[in-house]
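In: structure for the following, please:
(one chain, ligands or ions: 1)
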Amino acid sequence: MFDGKITNLPHIHRVRALLDSRAMIRNPVHVFEKYRTQLGKTFTFHFGGAKRAIVSTDPDFIQHVLLKNQANYHKSDIQVKRMGEFQGQGLLNSHREAWLRQRRHLADGFLRSRLVKLLPLQREVMNEAMTGFAQRAKEGPVDIYQEMVEVTLKLVGKSLFGQQISEPELQVIAKAVSDIQSFIVRQIVQPYLIPWFRITGQSARYQKIRIKGDRLISAYIDNRRREDRGNGDLLKHMLETPYEDTGKPMEDSQVLIESLQLLIAGNETSSNALSWTFYLLAKHPECIVKIRSEIERTAGKDPLDFAALHRLEFTLQVINEALRLYPPFWMIDRTSMEDDEINGIHIPAGITVIPYIYGTHRNPDFWPDAETFDPSRFERASVKERHTFAHIPFGGGPRVCIGSNMALMQILLILVSFIRDYDFELATKRPSKICPMMILRPDGPIKMHFRPVSPIS
Ligand code: HEM
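Out: Residues are numbered from 1 along each chain as shown. Next up, the predicted model:
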């Protein structure tokens, strides 16, 4: 029987990969980690025993795919077709000229000058969120994952729409995102079941959930058209700024797609990054103390402006180490357009290529004792010496995350707000495990006790 050998790389027999399908649904990272340790930094795999893929944790290989010969590597079917069915074609999953035009247009909305203006608005949202949190923290252990989903949706909502998303709407959006993600993951790891999902009406059921989410976002767009509050939010930018080539602003239908994609890309990633950061900090209380004294040294009791936030060197090291251990995007996917070669590895046209971020962040050539939490890995001198593609939580090359600076600003703002006011510890001894959907989530609530550092008046 054809064993599925695609190229001159270590490979998993097709039948073995088919037998792995159930394990892939439960936890694709466990399956990839098993093969990474057995086969080394680059190997081949068939999703569901059918879809050919090369999986790599080699920074040289990944740099070639994402940067040096990026024109040969398009976003794969996973994003273009599977996610496209639910999110339409926007910045996240378009190509070539269409992508470049959209990227240039939207990039203006993420300029540093805009983020500087956005920060005071975000601080207002944060202050309000902290008041609500104080009450919940008094009542007993809180689920930091749930808290982070809500607070980041509020912040991203403010950045995108210039207003907070209401609590009931937050719930609808969070649930829709979660349900649709699980469905997309099933389609990726069991591609042979896609016709079955259509026949049995499962696809239609998830489309209904999407339509509900679309209606919500459309209402925000309509509102924004009616009431001009004059904030520098992204929705205003999309609705009003003309494209260079046509002189006309974005069509409403495209504004809806981009808003939804930005909301999903911006919320799930940051909320998971934060949840894992809190989790790691709770296990390393000495780092909480160190961050608090760094904040004190940098700003005393004053609010931190954009520049001051980015001077929190140790806090940034902690965030980078959390993003290394728990990268929200645990993999990136591309399809090769034409035959290519990377360091003697033949890449056939049409194959899926997976820069496997979770594994790259544990590649022993760059990360000794990789499972240990050690923020000093991100001291300046160490970073300078390391391969630039060994730590890629935001991807790399021209399609690097457009929202990385906004994400870091929000993560810093949230950490500063909580650590100034609270000490925290895990409420249970059960370790949180990873649950990799499209994004790397915890496998359940992360319950924590929060105690005020000094009595809140
Ligand atoms: C910790 C937070 C975040 C992480 C770890 C993250 C990670 C990533 C990664 C790895 C990519 C590259 C995907 C690929 O190459 O296929 C990406 C792209 C993208 N991200 Fe983020 N992201 C974060 C926050 C945000 C935020 C806050 C926004 C916007 C509000 C955002 C919007 C986007 C968009 C639109 C793209 C597609 C860019 C393009 O293809 O040109 N992300 N992100």
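
In: how close does the residue most central in space within the chain get to Met437?
Out: The chain has Thr269 as the residue nearest its centroid, 3.0 Å off, counting by Cα atoms, centre = their mean. Taken as Cβ to Cβ, to the nearest Å, the spacing of Thr269 relative to Met437 amounts to 12 Å. Where you see a C-beta, it was placed from the backbone N, CA and C, and this is true even at glycine.

In: spatially nearest residue to Phe183 (excluding sequence neighbours)?
Out: Using Cβ to Cβ, 6 or more residues apart in numbering and skipping residues adjacent in sequence, the residue nearest Phe183 is Tyr206, 4.9 Å away.

In: that neighbour reaches Ser182, doesn't it?
Out: No: using Cβ atoms under 8 Å, Tyr206 is not in contact with Ser182, being 9.3 Å away.

In: the more surrounded of those two?
Out: Counted by other Cβ atoms under 10 Å, Tyr206 and Ser182 do not tie: Tyr206 has more neighbours, with 20 against 13.

In: Lys212 versus the more buried one, what's the distance?
Out: Look at Tyr206 and Lys212: by Cβ to Cβ, they are 11 Å apart.

In: do the same with Gly395
Out: 30 Å.

In: tell me the contacts of the residue of the stretch 351-457 of the chain found nearest the ligand?
Out: The ligand sits closest to Gly403 of the stretch 351-457 of the chain, with a gap of 2.2 Å, by Cβ to the nearest ligand atom. Remark: with contacts taken as Cβ atoms under 8 Å, 6 or more residues apart in numbering, Gly403 is in contact with Phe110, Leu262, Ala265, Gly266.

In: closest to the ligand out of those residues?
Out: Each of these was scored against the ligand by Cβ to the nearest ligand atom, and Gly266 proved nearest at 2.8 Å.

In: tell me where the stretch 201-350 of the chain has strands.
Out: Along the stretch 201-350 of the chain, the segments classed as strands by DSSP state E, counting those that start in this stretch run 334-336, 340-342, 345-347.

In: any idea which of these gets closest to the ligand?
Out: Closest to the ligand of the strands of the stretch 201-350 of the chain, according to Cβ to the nearest ligand atom: strand 334-336, at 7.4 Å.

In: skipping adjacent residues, who's closest to Ser270 in space?
Out: The shortest distance from Ser270 to any non-neighbouring residue, by Cβ to Cβ, 6+ apart, is to Thr152 (4.6 Å).

In: confidence score at the one you found?
Out: As predicted, Thr152 sits at a pLDDT of 90.

In: what does Asp369 give?
Out: 97.

In: next one: Gly230
Out: The predicted local distance difference test score for Gly230 is 58.

In: coming back round to it: how near is the residue of the stretch 351-457 of the chain closest to the ligand to Glu371?
Out: Plainly put, Gly403 is 28 Å away from Glu371 if you go by Cβ to Cβ.

In: go on, Ala134?
Out: The value you get for Ala134 to Glu371, if Cβ to Cβ is used, is 35 Å.

In: same thing with Ala23?
Out: Between Ala23 and Glu371 the distance, using Cβ to Cβ, works out to 21 Å.

In: look at these two and report which has more neighbours.
Out: Neighbours per residue, other Cβ under 10 Å: of Ala23 and Glu371, the larger number sits with Ala23, 13 against 7.

In: the more buried one: which element?
Out: helix 21-26 (DSSP states H and E).

In: show me which residues of that helix are buried.
Out: For helix 21-26, the neighbour count (16 or more other Cβ atoms under 10 Å) marks Ser21, Met24, Ile25 as buried.

In: where does pLDDT dip in the stretch 101-250 of the chain?
Out: In the prediction, the stretch 101-250 of the chain carries residues with pLDDT under 70 at positions 189, 228-232.

In: repeat the analysis, applying 90 as the threshold.
Out: Low-confidence segments of the stretch 101-250 of the chain, defined by pLDDT under 90, span residues 108-109, 113-114, 117-118, 120-121, 124, 149-150, 153-245, 249.

In: near the ligand, which residues of it show up?
Out: By the rule Cβ under 6 Å from any ligand atom, the part of the stretch 101-250 of the chain lying against the ligand is Arg103, Val156.

In: please redo it, this time with the cut-off set to 8 Å
Out: Residues of the stretch 101-250 of the chain found near the ligand (Cβ under 8 Å from any ligand atom) are Gln102, Arg103, Leu106, Phe110, Val156, Ser159, Leu160, Leu234.

In: show me those residues that map onto helices.
Out: Gln102, Arg103, Leu106, Val156, Ser159, Leu160, Leu234 (DSSP state H).

In: for PyMOL, write the select line for the buried members of the residues you listed.
Out: To isolate the buried members of these in PyMOL, using 16+ other Cβ under 10 Å:
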select buried, resi 102+106+156+159+160+234
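
In: closest one of the ones in helices among the residues of the stretch 101-250 of the chain next to the ligand to the ligand?
Out: Of all those, the one sitting nearest the ligand is Arg103; the distance, using Cβ to the nearest ligand atom, is 4.8 Å.

In: surely that closest one and Ile402 touch.
Out: Yes: taking Cβ under 8 Å as the definition, Arg103 is a contact partner of Ile402 at 6.9 Å.

In: overlap in contacts of these two?
Out: Listed contacts common to Arg103 and Ile402 are Leu91; contacts here mean Cβ under 8 Å, 6+ apart.

In: now Gly396: phi and psi?
Out: Gly396 has phi and psi values of phi -170, psi 170 when expressed as degrees, to the nearest 10.

In: contacting residues around it?
Out: Taking Cβ under 8 Å, 6+ apart as the criterion, Gly396 is in contact with Ile62, Gln63, Leu66, Leu67, Thr388, Phe389.

In: go with 6 Å
Out: Listed by Cβ atoms under 6 Å, 6 or more residues apart in numbering, the contact partners of Gly396 are Leu66, Leu67, Phe389.

In: and Phe43, by the same measure?
Out: With contact set as Cβ under 6 Å, 6+ apart, Phe43 has these partners: Leu9, Pro10, Tyr35, Val55.

In: what are the ranges of the strands in the stretch 1-150 of the chain?
Out: With DSSP E, counting those that start in this stretch as the criterion, the stretch 1-150 of the chain has strands spanning 42-47, 51-56, 73-75, 142-143.

In: so which of those strands gets nearest Gly359?
Out: strand 51-56 (7.6 Å; Cβ to Cβ).

In: the ligand contacts on the stretch 251-400 of the chain?
Out: Contact residues of the stretch 251-400 of the chain with respect to the ligand, defined by Cβ under 8 Å from any ligand atom, are listed as 258, 261-263, 265-267, 269-270, 272-273, 323, 327-329, 332-334, 355, 357, 392-400.

In: so which of those are in helices?
Out: Cross-referencing those with the helices (criterion: DSSP H) gives 258, 261-263, 265-267, 269-270, 272-273, 323, 357 as the overlap.

In: what is the nearest of those to Tyr220?
Out: Compare each of those with Tyr220 using Cβ to Cβ and the shortest gap goes to Leu263, at 9.7 Å.

In: regarding the residue nearest to Asn27 when sequence neighbours are not counted, what are the backbone dihedral angles?
Out: Computed as Cβ to Cβ, 6+ apart, the closest residue to Asn27 that is not its neighbour in sequence is Pro436, at 6.2 Å. Backbone torsions for Pro436, taken as degrees, to the nearest 10, come to phi -80, psi 110.
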